[in-house]
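S.K.: fold the following, please.
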Amino acid sequence: MEEVKIGQVYRHFKGNYYFVENIAYHSETKERMVIYKNLYPRDDGRSLWVRPERMFLEDIPERPDNITGQKTRFSLVTDLQQDYTKN
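M.R.: Next up, the predicted model:
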């Protein structure tokens, strides 16, 4: 399986963008966990998230809310105009 790249921007299949802050490890299972933040304002003020890496990169079935047409839950973005590594 591919590994998530720290300090990079990923797009969720529903269209929003997220910045990967770091990788952490589950204290019991040692599973890799992705720590990431949303790059858009939220009404609830939440901004920092954690998800198992295997789920972050998992294939998703066809679904109507997949507005990007991605094959995976999150996809690495390489064509951004703003440098989010300086935020």
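S.K.: show me what stretch 49-59 is in contact with.
M.R.: With C-beta atoms under 8 Å, 6 or more residues apart in numbering as the test, stretch 49-59 has contacts from 1-4, 10, 18, 23-24, 26, 31-38, 71-74. C-beta coordinates here come from the backbone N, C-alpha and C atoms, glycine included.
S.K.: could you work out the end-to-end span of it for me?
M.R.: In stretch 49-59, first residue to last residue: 20 Å (C-alpha to C-alpha, to the nearest Å).
S.K.: list the buried residues for it?
M.R.: Arg51, Glu53, Phe56, Leu57 (16 or more other C-beta atoms under 10 Å).
S.K.: equivalent analysis for stretch 27-39, please.
M.R.: By 16+ other C-beta under 10 Å, the buried positions in stretch 27-39 come out as Arg32, Met33, Val34, Ile35, Tyr36, Leu39.
S.K.: output the residues you listed as JSON lines; include the columns distance to Pro64.
M.R.: Below are the buried residues of stretch 27-39 laid out as JSON lines (distance: C-beta to C-beta, whole Å):
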{"residue": "Arg32", "distance to Pro64": "30"}
{"residue": "Met33", "distance to Pro64": "29"}
{"residue": "Val34", "distance to Pro64": "26"}
{"residue": "Ile35", "distance to Pro64": "29"}
{"residue": "Tyr36", "distance to Pro64": "25"}
{"residue": "Leu39", "distance to Pro64": "24"}
